[in-house]
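Enquirer: Generate coordinates for the sequence data below:
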Amino acid sequence: MVELRGADESVGTATGEVQPESGRAHWLLLAWAVLAPMAVALLLTPWRDRLAAADNALILVVVIVAVATSGHRWAAATCALVCALSFDFFLTRPYNSLRITRTSDLVTELLLLVVGLAVGDLAARGRTHRTAASQGRRHIELLHSVTEMAASGRDPDEMVRVAADELCRLLTLRTCTFSVDDGGVAARVQPDGEVRIGDVAWSTDDLGLPHRGVDLPVRGNGAVLGHFVLMPVPGTPVAGDVLLVAVAIADQVGAALAAAPGWVPGAR
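Expert: Here you go, the predicted structure:
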């Protein structure tokens, strides 16, 4: 038995979700969400008796939109709350107090908060959709690359190595090993992308891949020609559509192996 190993470290993500930012970026964004509304409200204080409350609120909405472009709900929500408090404290009578004496000012403050929260939610949804679209393009490019390798008649051993490396990135794996048998791994990826341990379905969206390893069969001409044994990073969620991409990669490898008469792992 010959084993070909993929990359040991993952450099991608399998969920399509936005990855956590560095601690420094997190704190910088939080500082911007808190300090920017206060600074703008202070700059407006010389004109607070000339501008209508609605005008001041609209200017603060611009600040919320600027923060919301980061795509983080928590940042936009924090900014909306600070904007509402700054509007109350600096721009409504009695000044420099959190008291509100006019109903119109109270309504404006509440609308400012609601609009800020809505803008933040829309921005976060847009960021999620952009990330999902980017991941989708990456998956298409990956499948195209593997398909081109299969169509060009590349050396099967080389194709197995490349596929193992791509599976590591795609599924956030510690290692990906190709073998002629499954190594006794109980969990298996089905042709429809579902992971099963015996007759039990495993929820990869919540639990990630089973930490003891998963068998991804390589099929060609109706037969199983080998197995990719996947060793995941524990607890990393993997979406079902990503597993379908992995199945498609394994099927392309299987087609290439089936087209190479007398192929034996590592023989070339």
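
Enquirer: Can you pull the poorly scored residue ranges out of this structure?
Expert: 1-22, 261-268 (pLDDT under 70).

Enquirer: Which helix or strand lies directly C-terminal to the biggest strand by length in the chain?
Expert: Residue-count comparison of every strand in the chain, with assignments taken from DSSP state E, identifies strand 223-232 as the longest. Sequence-wise, the next helix or strand downstream of strand 223-232 (DSSP states H and E) is helix 240-258.

Enquirer: Residues touching the longest strand of the chain, excluding its own?
Expert: Among residues not part of strand 223-232, those counted as contacts by Cβ atoms under 8 Å, 6 or more residues apart in numbering are 160, 163-164, 167, 171-183, 185, 189, 208-211, 213-219, 238, 250, 253-254, 257-258, 265. (Glycine included, C-beta is placed from N, CA and C.)

Enquirer: Mark which of those are buried, thanks.
Expert: Among the contacts of strand 223-232, those buried by neighbour count (16 or more other Cβ atoms under 10 Å) are 160, 163-164, 167, 171-179, 182, 185, 189, 208-210, 213-219, 238, 250, 253-254, 257-258, 265.

Enquirer: Just the ones of these in strands?
Expert: Where these overlap with strands, as defined by DSSP E, the overlap consists of 173-179, 189, 214-219.

Enquirer: Determine how far the last residue of stretch 59-77 lies from the first.
Expert: Using Cα to Cα, to the nearest Å, one end of stretch 59-77 lies 17 Å from the other.

Enquirer: buried sites along it?
Expert: 59-61, 63-65, 67-68, 70-73, 75-77.

Enquirer: what's the answer for stretch 127-139, then?
Expert: 127, 131-132, 135, 138-139.

Enquirer: Same list, these, but as JSON lines with secondary structure and distance to residue 49 please.
Expert: Conversion of these to JSON lines gives the following (DSSP: H, G, I helix; E, B strand; the rest coil; distance: Cβ to Cβ, whole Å):
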{"residue": "127", "secondary structure": "helix", "distance to residue 49": "39"}
{"residue": "131", "secondary structure": "helix", "distance to residue 49": "45"}
{"residue": "132", "secondary structure": "helix", "distance to residue 49": "48"}
{"residue": "135", "secondary structure": "helix", "distance to residue 49": "52"}
{"residue": "138", "secondary structure": "helix", "distance to residue 49": "55"}
{"residue": "139", "secondary structure": "helix", "distance to residue 49": "58"}
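
Enquirer: which one of the residues you listed is nearest residue 31?
Expert: Comparing the buried residues of stretch 127-139 against residue 31 with Cβ to Cβ places residue 127 closest, at 20.1 Å.
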